[in-house]
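Peer 1: missing the sequence, but the structure's below:
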């Protein structure tokens, strides 16, 4: 009798005890990686995992903890690899990959006027930008870029290819003074920009933007109209700014002001503006950009290659200006590898300032991830790995000879890693590349199509009286 009572009591206690928590099913788990979250000063998480459901990150924790709470319909094993936020390229011209190597070792004005503008006049079309965008998307997926800011023509065609490839894009429809393939006048460009904005507002992957080219290719009325259009629809404005010393000298002669001060005089500057380059700026200019909430896209490789100058990156960072990193177009770089851009940005500042402590690895990795997101006004959605953010991440192999040994993963990512170390790319929760195999594009077809455009580009440049190199 006594034993029966004890047994019944034990059974009652067992019935009241909480049942083991059931696993929640999620769409994707990336596990067993060294997770670099880019969340404040959080240390890399050893044997970490990221749980993703649909487009969003739901948890970042140890693999043991994630596996206890979640079950993934799809998994990625990141053993021996780093899991980190996808890279954010804050300035490029995606279709210009089809001009890669067309004209090298030239200053900006010669490069533009004798080669790039004639090539564009003879080749740029919806078909051209679609082919170029597919090639650029392939390169970016393979090298770890998940978000990029673009400025070109036929951005509606570019947007369709970006969405199909699965990338995230802030895409700026160019407005420029002279006739270009998709618009004869600035008014035509603004009309195209408005139609583009209307078509893509609220899209989960595409953020439409207005892209007035530069102060030297637009008059004040057109610059103001472009900015007003952005404000009316609450979309970004992308502009080249203070890229060369000549631009600054011309602005002083024409407007008695620096390029930055001239735009401020027009009421152009403010949150939502992304200024590409920002090389030739003064300390008052930097203070003005900070006060107005302008983001800056730093493009060290194209600035070096075109001998445009050295941007005062240390001063920008010290002032707290939101600065992202960009590759610029592959015609002036000549690739879209953001790991290379990080390394070059750091080395350039160290040798320019003669101070090895500036432009640290941590700062460069921030610029390529969460810093780029801040410059684009998207830090609430992308740029770091945290619950509630979009599931944009990459997996980077750390087991090759070049990656061995690894003492500090942040240093390794900036000073050692190359784009071809990326083994997996995920955007909005969709796996775009797994084990170096791109799933959202037909790589062979993309490359074949891109090569077919080379003869047409050569013919266009030759017909203009210039020679390809």
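Peer 2: Arrived safely. No experiment lies behind these values; they were computed from the predicted model shown.

Peer 1: starting at the chain centroid, how far to the helix or strand residue 198 falls within?
Peer 2: Using DSSP states H and E, residue 198 sits within helix 186-200. Here helix 186-200 is found 23 Å from its chain centre; the criterion is C-alpha atoms, centre = their mean, to the nearest Å.

Peer 1: Any buried residues in that helix, and which?
Peer 2: By 16 or more other C-beta atoms under 10 Å, the buried positions in helix 186-200 come out as 186, 189, 190, 192, 193, 194, 196, 197, 200. C-beta: built from backbone N, CA, C; applies to glycine.

Peer 1: got the buried residues for stretch 373-384?
Peer 2: For stretch 373-384, by 16+ other C-beta under 10 Å, it's 373, 374, 375, 376, 377, 378, 379, 381, 382, 383, 384.

Peer 1: What mean pLDDT does stretch 141-149 get?
Peer 2: Rounded to a whole number, the mean pLDDT of stretch 141-149 is 98.

Peer 1: try stretch 236-245
Peer 2: 97.

Peer 1: Contact partners for the closest residue to residue 188 other than its chain neighbours?
Peer 2: For residue 188, ignoring the flanking residues on the chain, the nearest one in space by C-beta to C-beta, 6 or more residues apart in numbering is residue 182 at 7.9 Å. Applying C-beta atoms under 8 Å, 6 or more residues apart in numbering, we find residue 182 in contact with 124, 153, 154, 188, 189, 192.

Peer 1: nearest to residue 48, of these?
Peer 2: residue 154 (41.6 Å; C-beta to C-beta).

Peer 1: these two touch, right, the closest one and residue 183?
Peer 2: No. Applying C-beta atoms under 8 Å, one finds residue 154 not in contact with residue 183, separated by 9.7 Å.

Peer 1: Who has more neighbours out of the two?
Peer 2: Remark: of residue 154 and residue 183, residue 154 carries more neighbours, 25 against 21, as counted by other C-beta atoms under 10 Å.

Peer 1: residues near the residue lying closest to the more buried one once chain neighbours are set aside, how many?
Peer 2: Nearest non-adjacent residue to residue 154, counting by C-beta to C-beta, 6+ apart: residue 129, 4.6 Å away. Neighbour count for residue 129, taken as other C-beta under 10 Å: 28.

Peer 1: any idea which element residue 129 lies in?
Peer 2: Going by DSSP H and E, residue 129 is part of helix 126-143.

Peer 1: I'd like the next helix or strand past that helix.
Peer 2: strand 145-152.

Peer 1: And the helix or strand just after that next one, what does it pack against?
Peer 2: On the C-terminal side of strand 145-152, the closest following helix or strand by DSSP H and E is helix 155-165. Here helix 155-165 touches helix 126-143, strand 168-175, helix 186-200, strand 206-212, going by 3 or more C-beta pairs under 8 Å, 6 or more residues apart in numbering; DSSP states H and E.

Peer 1: mind giving me CSV with these and columns for distance to residue 266?
Peer 2: Converted to CSV, those look like this (distance: least, C-beta to C-beta, whole Å):
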stretch, distance to residue 266
helix 126-143, 30
strand 168-175, 14
helix 186-200, 15
strand 206-212, 11
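
Peer 1: and of those, who's closest to residue 277?
Peer 2: strand 206-212 (13.7 Å).

Peer 1: tell me which residues in the next helix or strand after that closest one are buried?
Peer 2: Where DSSP H and E defines the elements, the next helix or strand beyond strand 206-212 is helix 220-233. Neighbour counts over helix 220-233 (16+ other C-beta under 10 Å) mark 222, 223, 224, 225, 226, 227, 229, 230 as buried.

Peer 1: Where does pLDDT dip in the chain?
Peer 2: Applying pLDDT under 70 to the chain flags residues 1-21, 464-469.

Peer 1: one more time with 50
Peer 2: 1-20, 469 (pLDDT under 50).

Peer 1: Check the secondary structure at the most centrally placed residue in it for me.
Peer 2: The residue lying closest to the centre of the chain (C-alpha atoms, centre = their mean) is residue 89, at 2.1 Å. Recorded secondary structure, residue 89: strand (DSSP: H, G, I helix; E, B strand; the rest coil).

Peer 1: how about it, what does it touch?
Peer 2: By C-beta under 8 Å, 6+ apart, the neighbours of residue 89 are 140, 145, 147, 148, 149, 325, 326, 327, 336, 338, 341, 372.

Peer 1: what's the most distant pair in the buried residues of stretch 373-384?
Peer 2: Among those, 377 and 384 lie farthest apart (C-beta to C-beta), at 15.0 Å.

Peer 1: Domain boundaries for the chain, per the record?
Peer 2: Structural domains annotated on the chain: 20-79, 91-378, as defined by automatic domain parsing.

Peer 1: Let me have those in TSV, adding distance to residue 419 as columns.
Peer 2: Formatted as TSV, the domains of the chain follow (distance: least, C-beta to C-beta, whole Å):
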stretch	distance to residue 419
domain 20-79	17
domain 91-378	3
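
Peer 1: tell me the most buried of those domains?
Peer 2: Highest mean neighbour count of the domains of the chain: domain 91-378, a mean of 21 (counted as mean count of other C-beta atoms under 10 Å).

Peer 1: Now the terminal residues of it, how far apart.
Peer 2: 15 Å (C-alpha to C-alpha, to the nearest Å).

Peer 1: what does stretch 295-304 give?
Peer 2: 21 Å.

Peer 1: name the helices or strands packed onto the helix holding residue 198?
Peer 2: helix 155-165, strand 168-175, strand 206-212, helix 220-233.

Peer 1: Out of the ones you listed, flag the one nearest residue 278.
Peer 2: strand 206-212 (15.5 Å).

Peer 1: chain center to the closest one, what's the gap?
Peer 2: On C-alpha atoms, centre = their mean, the centre of strand 206-212 falls 14 Å from the chain's centre.

Peer 1: now for it, which elements pack on it?
Peer 2: Using 3+ C-beta pairs under 8 Å, 6+ apart, strand 206-212 sits against strand 145-152, helix 155-165, strand 168-175, helix 186-200, helix 220-233, strand 237-241.

Peer 1: ok, now which ones touch residue 149?
Peer 2: Contacts of residue 149 by C-beta under 8 Å, 6+ apart are 89-92, 169-172, 209, 236, 238, 274, 297, 326, 376.

Peer 1: close enough to count as contact, residue 340 and residue 301?
Peer 2: Yes. The criterion here is C-beta under 8 Å, and residue 340 meets it with residue 301 at 7.1 Å.

Peer 1: can you map out the strands along the stretch 1-150 of the chain?
Peer 2: Remark: strands assigned in the stretch 1-150 of the chain by DSSP state E, counting those that start in this stretch are 24-35, 45-53, 56-62, 70-77, 81-85, 87-92, 145-152.

Peer 1: and the angle from the longest one to strand 81-85?
Peer 2: Here strand 24-35 runs at an angle of 110 degrees relative to strand 81-85 (axes from the mean of the first three to the mean of the last three C-alpha atoms, to 10 degrees).

Peer 1: again, but for the third one
Peer 2: Interaxial angle, strand 56-62 versus strand 81-85 (the same axes, to 10 degrees): 140 degrees.
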